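> whatever this is, show me its structure:
(chains A, B, C, D, E and F)
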There are 4 protein chains.
Amino acid sequence: MTAASTPKGERRRQALVAAAAQLLAEGGFEAVRHRAVAERAGLPLASTTYYFSSLNDLISAAVEHESRQELAIGRARLNELAELPRSTDAVIELMLDLLLGTGSRDGGAEPVLLRYERLVGSPRRPYLAPLMRELGAELHDLLAEIFARSGMEVSRDRLLELIALVDGAVVNALIESDPDPRGAARRMLRSQLG
Amino acid sequence: MTAASTPKGERRRQALVAAAAQLLAEGGFEAVRHRAVAERAGLPLASTTYYFSSLNDLISAAVEHESRQELAIGRARLNELAELPRSTDAVIELMLDLLLGTGSRDGGAEPVLLRYERLVGSPRRPYLAPLMRELGAELHDLLAEIFARSGMEVSRDRLLELIALVDGAVVNALIESDPDPRGAARRMLRSQLG
Amino acid sequence: MTAASTPKGERRRQALVAAAAQLLAEGGFEAVRHRAVAERAGLPLASTTYYFSSLNDLISAAVEHESRQELAIGRARLNELAELPRSTDAVIELMLDLLLGTGSRDGGAEPVLLRYERLVGSPRRPYLAPLMRELGAELHDLLAEIFARSGMEVSRDRLLELIALVDGAVVNALIESDPDPRGAARRMLRSQLG
Amino acid sequence: MTAASTPKGERRRQALVAAAAQLLAEGGFEAVRHRAVAERAGLPLASTTYYFSSLNDLISAAVEHESRQELAIGRARLNELAELPRSTDAVIELMLDLLLGTGSRDGGAEPVLLRYERLVGSPRRPYLAPLMRELGAELHDLLAEIFARSGMEVSRDRLLELIALVDGAVVNALIESDPDPRGAARRMLRSQLG
DNA sequence: TATGAATGAGTCTTCATTCAT
DNA sequence: GATGAATGAAGACTCATTCAT
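Residues are numbered from 1 along each chain as shown, chains lettered A, B, ... in the order given. Next comes the predicted model:
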């Protein structure tokens, strides 16, 4: 089915999801409100409850939308590279792009927050957990492939360790007065992989 | 001054802080509302704004109360031990108790959530950051002391790495269907320290 | 469109505006509160914010409603008169009716207060100023027409002077123990026009 | 009794009155609140209800304080002048200073608002009327003296007319987008007195 | 004589959700 | 299928006033 022939309903649904995803990125879970989503999408307020039986549904869809998109971008970048860089530093940057988003290159806490708000938000939003799990698995696969194609031997456990190192570094950097979570994660990765 | 002679005002203030801390632990930041705190404390609604000029003030106080209490308990335990265990495993458990709370021994996500919600919540609640920084520093000192007294040579950077490893392990474990964040962190620490 | 076929929403909106206008007349700006308006209109509290995005919006609507109605009545009266009275006294009364409202004929401060609370209230309620300006201009036109059709030569500046005289007389009469603002204004107009 | 020997209670009372007068000038009647007054005066909140049985009492005192001070300043200026200016323009400026306050020389609506908020506020605050009446009478006397000593023959009715002209001009100027109430009043006075 | 403590009532505004059309 | 209309419940916060000390 081409984009042009996407049924109107589906297109509107997508517009709402995209709007919710934007708001989620900008203001966290709290910012995703019926009103705000509808306004951002340029659709009637009631469309939010028409297409999604509850706000949680909408949030789920937004999280999934965002995450899949991030993964797709990551995978696309990977596919574009005929040959993967073999320098440790280049692999590290790739890993950081994947885990923290390319937005994290600019520094600051905000571009990085998404992943961690979702992870930490999951226990209180059980409907998010399965989704996060699935997306996490795909992310792991992607990262595993990177290491493999880069010629770096890394066991699954070792990979989980490296991911944890990045996530822990970030989470701790978040409270710095001038946070540079990506820098913190980079330092730790280098120390472990160097 | 004994508890019995604590001025009434101070006692009420503490009751509100305790109620807010409970709610925070049970339901996250969202759960800390004027109404909820007042009801939990058995005090009139207006007392919440009488003792705290804003909800953020109250939340700050609750976070500080909780964190200082955790730290105090940790430090007390440390002081009780004339001699620190020299086994790696014992040190690991001590570290996990300190970082995740002794409640984490029972497993499950909830008892562990507090630390991570506060860390990840700080960027969107700038008033928390200084407090979190201060408490973080004290926690680091405590951990450094543990390693020192246990005869394990650990540099400051290495310590930060270990903390990151724990935090990253936890954050990733949070989305498991049967989450055991402490177990995950333990495994990683063992792999690094073993 | 007849009254009967006025859409329900518009009718409710009007009910709120009317309620607000009543309260404004009875108790000044301070009396226009969400609760009071809703109760007066016999509608739910939330309807006030549903139809008006803020209380200022509602107040604006009420002021506009009242003023336009006054203007309309004035203009209607003017149109009914095939021929305008040529006696100075009759013109004066017409002018007073227009500026102070026909309610001012009964004496007392209250029926006259509206115009002056709005004028004096505008600097602290900037959202009112444009509206007041527009209504003021229409009022001037109406008064100019009266003088013209009555055969009394009155320049624009002279008209503004007469209006000021009335307003000043009223404002000063407001503090009398037995205020007769209309009478005070009448005396001054007679002295100037006689 | 010298200032130094003023009993503490009286001094505090005066501090509250002065604080209330300031707030009244800055923000109108609405701005005079127990809390705000106490803070401005640097006194405990409860002192406001201790020294004044109600907020209206405090407002009355503030209005009286302000008005008497204005009058005193006006009279002092008059007494300083051995000989009064005989030019019409100079008399006009003197009159405007007295009616609108010297602050009105700078232009803008705010410095002028005080007199008109008090006049228009009186009908809804009956406790203000006697005070305003008394002050008004003194103001008239002062203005009468000015005209007399300037050699300008002005009957009592004529004086009231001129005052009304000023007040009316001001009240109408208040809604201009770039209000110059003093200028408007000046123009009208010149046209009548020229 | 003062005042810290306290609070019931009320302020404006937001929001998720329902429902009639 | 779609949505304008509607609202009860709750949100944070303010305030005049009372009262015990």
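> CA only for contacts and neighbour counts going forward, please
Fine.
> so how far is chain C from residue A:92?
Shown here: residue A:92 relative to chain C, a distance of 51 Å by CA to the nearest CA, to the nearest Å.
> over to residue A:24?
Counting by CA to the nearest CA, the gap from residue A:24 to chain C is 25 Å.
> other SSEs contacting the longest helix belonging to chain A?
The longest helix of chain A (DSSP state H) is helix A:55-80. Helix A:55-80 sits against helix A:8-27, helix A:88-100, helix A:129-149, with contacts defined as 3 or more CA pairs under 8 Å, 6 or more residues apart in numbering or on different chains; DSSP states H and E.
> how about those helices, which one is nearest residue C:155?
helix A:8-27 (59.7 Å; CA to CA).
> got the contact list for the spatially most central residue of chain A?
For chain A, the residue nearest the mean C-alpha position is residue A:67 (4.6 Å; CA atoms, centre = their mean). Residues in contact with residue A:67 (CA atoms under 8 Å, 6 or more residues apart in numbering or on different chains) are residue A:135.
> cool, and residue A:97?
Contacts of residue A:97 by CA under 8 Å, 6+ apart are A:103-105.
> I'd like to know which of those are part of strands.
Nothing among these maps onto strands, per DSSP state E.
> now rank those by neighbours and give me the top one.
Counting neighbours by other CA atoms under 10 Å in any protein chain shown, residue A:104 leads those with 21 neighbours.
> which one is that residue nearest to, not counting chain neighbours?
Of all residues not flanking residue A:104 in the chain, residue A:111 sits nearest, at 5.3 Å (CA to CA, 6 or more residues apart in numbering or on different chains).
> separation between residue A:179 and chain C?
For residue A:179 relative to chain C (CA to the nearest CA), the value is 38 Å.
> neighbouring contacts of the helix or strand hosting residue A:159?
Counting by DSSP states H and E, the element that carries residue A:159 is helix A:156-173. Helix A:156-173 is touched from outside by A:96, A:116, A:140, A:143-144, A:179-182, A:184-186, A:188-189, B:116, B:119-120, B:161, B:163-169, B:171-172, B:188, with contacts defined as CA under 8 Å, 6+ apart.
> try it again with 6 Å
If you take CA atoms under 6 Å, 6 or more residues apart in numbering or on different chains as the criterion, helix A:156-173 is touched by A:179, A:181, A:184-185, B:164-165, B:167-169.
> so which bits of stretch A:17-27 are buried?
A:17-25 (16 or more other CA atoms under 10 Å in any protein chain shown).
> ok, now stretch A:174-190?
Neighbour-count burial for stretch A:174-190 [16+ other CA under 10 Å]: A:174-176, A:179-189.
> how far away from the center of its chain is that stretch?
18 Å (CA atoms, centre = their mean, to the nearest Å).
> SS state for residue A:154?
coil (DSSP: H, G, I helix; E, B strand; the rest coil).
> so who does it touch?
So residue A:154 contacts nothing (CA under 6 Å, 6+ apart).
> hang on, the earlier thing: contacts with chain B among the buried residues of stretch A:174-190, please.
residue A:175 (CA under 6 Å from any CA of the partner chain).
> in helices, which of the buried residues of stretch A:174-190 fall?
Short answer: those in helices (DSSP H) are A:181-189.
> below-threshold pLDDT in chain A: ranges please.
Within chain A, the stretches with pLDDT under 70 are A:1-5.
> how about the residues of it near DNA strand E?
A:32-36, A:45-46, A:48-49, A:54-55 (CA under 7 Å from any atom of the strand).
> coming back round to it: turn the buried residues of stretch A:174-190 into a markdown table, including distance to residue A:149.
Shown next, in a markdown table, are the buried residues of stretch A:174-190 (distance: CA to CA, whole Å):
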| residue | distance to residue A:149 |
| --- | --- |
| A:174 | 32 |
| A:175 | 35 |
| A:176 | 35 |
| A:179 | 32 |
| A:180 | 29 |
| A:181 | 26 |
| A:182 | 23 |
| A:183 | 25 |
| A:184 | 25 |
| A:185 | 22 |
| A:186 | 20 |
| A:187 | 23 |
| A:188 | 22 |
| A:189 | 18 |
